[in-house]
Structures are given as C-alpha cells and as structure tokens.
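In: Fold the following for me, if possible:
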Amino acid sequence: MDANNIKLTQYSHGAGCGCKISPAILDKILHSAVPAITDPRLLVGNDKRDDAAVFDLGNGSALISTTDFFMPIVDDPYDFGRIASANAISDVYAMGGKPVMAIAILGWPIEKLAPEIAQKVLEGARAICAEAGITLAGGHSIDCPEPVFGLSVNGLVNTSQLKQNSTATAGCRLYLTKSLGVGILSTAQKKGVLLAEDAAIALKSMVTLNKPGELFGQLESVKAMTDVTGFGLLGHLAEMCEGSDLSAVIEFDKVPVISSLPYYLELNCYPGGTQRNWNSYGHKVSELTANQKFILADPQTSGGLLVAVEADGVETFEALLKAQGLTEEHLVSFGWLKDRDTAQLIQVV
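Out: Numbering: from 1, shown residues only. Here you go, the predicted structure:
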C-alpha cells in the first residue's frame, strides 16, 4: 500500500470536528445524578463547558489539560496529523496559555491501512508540535475500525491571565481570527467538486496554530475567549453567552468567511453536522436565511479564536491582531455582547 496515494477520508464515516456529538446529545451524556467530587484547586472543570480543564498549581500559575481527536478530514496522512494536532493544541491557546507537552492518541485499522501510513500521521503531528515549541512525548494506540488521531496537551498559564468562555461582559466586541467555511469545503472535497485553490485555503487555515491566544491572555481587555470548532460559530458563541449570562448581536456582513462559499452552497455542499448543530441551538437564534445558517452553524476543524474584548481595549487589541499578520477581515469586530435578552440569545442582523 502506497502511503503517498492513500485517501484517508474513504476509511471513515465522518470528518474532523464535524464528527463531534451535537450539543443537545452531549448535554444528555454529561448529565449525572451523582455529585461530582469538588476540588478547590480545580479552577475550570467540565461544568464550565470550556476548552480545557485548569488546575491551580499554587504558585501563581495553573496547569491546562485538554484532549482532542477525530477521524480524517483530508486524504493525506501527513496533513491529517498536522490538522489534528493544531486543533488539539488550540484549546491551550484558547485559555490564554502556553503549551508545554503533548501525548498522541491513535486508533488505526491495522488490517486496512499499513503502519507506514500511521507513521506519516505522526510525522505531521511532530511537525506541528515543533512549530508550537513542544515535544510529542509519547502516546497510546489501539486497533480501531476507522482511523482516529489527536493529542492530549498540557499547558501553563499565569492564573491572573487565564481566559475562559464564561467571563465576558456586556459591551464587549466580538472578533474571529479565522474565516468560517472549512466544513463546507471539506464536504465539497468528499463530493469531488472542491477547486484546487480552495483546497489550499482550507489546509492553510486548519494547520495554522492559534498562537496569538497566548498573547491575548496578557491583555486585561480580553474578557473571554474560546476556539470555534465542531459546534460552529453560533454554538460556541451561545456557550459564551450562556456562561456569561449575556446575549449577542452578529453583523453577518462583517463575519469573516471564505469567499468562495456561495459557489459550494449552490452545489448543496454542507456537512451533516450543520443540521445537527442547528437542531441543538437554532431556537436560541433569530431567523436566518438558509445560507446564513449553513455558514454560521458550519462545523469548523481547527477553527479560529472567538474573542470578546471590552470597548476600551479595542484599539490595542486590533493593533495586536495586525502585528500578528491577520488579514483585514479579521481586524474588524463582527458583533457585540449585551445584557441578557430572555427572548433571544443571539440576534443576526
């Protein structure tokens, strides 16, 4: 079996973060009648629905611990390893932290795919870990019906600079550091209609580390932060709103999106995860056009950071975005947070 000609997506029923269990079903899974063990050193746990767990080390710093894995979203095994790794490391950046070590998680269909192909996946993972300045220090593997890969990642953060998705304040402006639409392009790829130039755009987006999150953590004006992945922009924004007891207004024309999306939506290229997302939280959102729904609920894999910045800090924050090389569309706020509207969590205008 030639590792250079393999098409990994043929071996899995889903792709990337589009495989995530929907928010509504996840609520049922996580519900428990058994009281959780409480530890005052646990600063962020599962109850917060945040990107990672955070444990107070007692010396002014905290340990960030997270894991993320999924099935192939691209055919090339090296790129699959890069994407899955960038996605997993992103959770540390989303908390304002610095990653320090990673452990690999590998599920591999041994009778279907040669071990040399899994080796390519790990090579991609090592490349991204090196870019993040961390070591891929080990891992665990199992024989699995479908290929699965990801990382468990640890990071560190000054407790005073920890960012959560539930600490936003009314008046904060909203920013997104990557353009939406990766799920739509991935579906177009599966249907065989993805243009070559868009394949390059999607890959570049998914392997780009969310390193600016570590710098955002140093800004007091950044009140809340999370990364946008399988639940789409609306799902992760809804978690931010509910955790902070706020509502949001989105100016749709200012949301950064991959420019070719209308072409693929005309071809009905959107992942099944979009409808599952919408079924989970659509009742919390104002009326949308079909295309607005397909874009705003599109499952992102290794998506950008959703950042809530208080009004007084907008100028400094936008200057930092520009210094990090973000393009013009990401330097503009696409919405804001306001006092909770009991009738509507998210309004799109």
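
In: For the spatially most central residue of the chain, list the residues it contacts.
Out: What sits nearest the mean C-alpha location of the chain, by CA atoms, centre = their mean, is Thr229, with 3.0 Å. By CB atoms under 8 Å, 6 or more residues apart in numbering, the residues touching Thr229 are Cys17, Lys20, Asn87, Ser90, His236, Pro299, Gln300, Thr301, Ser302, Gly303. C-beta here means a position set from N, CA and C on the backbone, and glycine is covered the same way.

In: ok, it to Gln300 distance?
Out: 5 Å (CB to CB, to the nearest Å).

In: Also Ser160?
Out: Distance from Ser160 to Gln300, by CB to CB: 30 Å.

In: same question, Leu321
Out: In terms of CB to CB, Leu321 sits 19 Å off from Gln300.

In: what's the answer for Pro77, then?
Out: Pro77 is 21 Å from Gln300, by CB to CB.

In: need the helices for the protein, in chain order.
Out: Counting by DSSP state H, the chain has these helices, from start to end: 23-30, 77-94, 115-132, 182-190, 196-207, 212-216, 232-244, 261-266, 272-281, 290-296, 314-323.

In: surely Asn277 meets Phe231?
Out: Yes: assessed by CB atoms under 8 Å, Asn277 is found in contact with Phe231 at 5.8 Å.

In: which of these two has more neighbours?
Out: Asn277 (29 against 26; other CB atoms under 10 Å).

In: so how far is Thr38 from the more buried one?
Out: Asn277 is 31 Å from Thr38, by CB to CB.

In: number of nearby residues for Ser286?
Out: 14.

In: Can you tell me the closest non-neighbouring residue to it?
Out: Gln347 (4.6 Å; CB to CB, 6 or more residues apart in numbering).

In: Kindly state the beta-bridge partners for the one you found.
Out: Val249 (DSSP bridges).

In: Can you give me every residue that contacts it?
Out: By CB under 8 Å, 6+ apart, the neighbours of Gln347 are Ser247, Ala248, Val249, Ile250, Val285, Ser286, Asp341.

In: Mind picking the lowest-pLDDT entry from these?
Out: Here the lowest pLDDT out of the contacts of Gln347 sits on Asp341, with 88.

In: Near that residue, how many other residues are there?
Out: 14.

In: likewise Leu215?
Out: The burial count for Leu215: 15, using other CB under 10 Å.

In: What residue spans form the domains of the chain?
Out: Listed by automatic domain parsing, the domain ranges of the chain are 8-161, 173-348.

In: want to throw the ones you listed into JSON lines with distance to Thr167?
Out: Formatted as JSON lines, those follow (distance: least, CB to CB, whole Å):
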{"stretch": "domain 8-161", "distance to Thr167": "10"}
{"stretch": "domain 173-348", "distance to Thr167": "5"}
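
In: can you tell me which of the ones you listed the model trusts least?
Out: When I compare the domains of the chain, domain 8-161 is least confident, with a mean of 88.

In: what about it, distance to the chain center?
Out: 11 Å (CA atoms, centre = their mean, to the nearest Å).

In: How about stretch 293-312?
Out: For stretch 293-312, the distance to the chain centre is 9 Å (CA atoms, centre = their mean).

In: tell me how far the ends of stretch 308-315 are from each other?
Out: 13 Å (CA to CA, to the nearest Å).

In: Buried ones in that stretch, by neighbour count?
Out: Ala308, Val309, Glu310, Gly313 (16 or more other CB atoms under 10 Å).

In: In contact with the closest residue to the last one other than its chain neighbours, which residues?
Out: So that's Gly313. Of all residues not flanking Gly313 in the chain, Ser221 sits nearest, at 2.2 Å (CB to CB, 6+ apart). Residues near Ser221 by CB under 8 Å, 6+ apart: Val309, Glu310, Asp312, Gly313, Val314, Thr316, Phe317.

In: Please consider this matter closed, and thank you.
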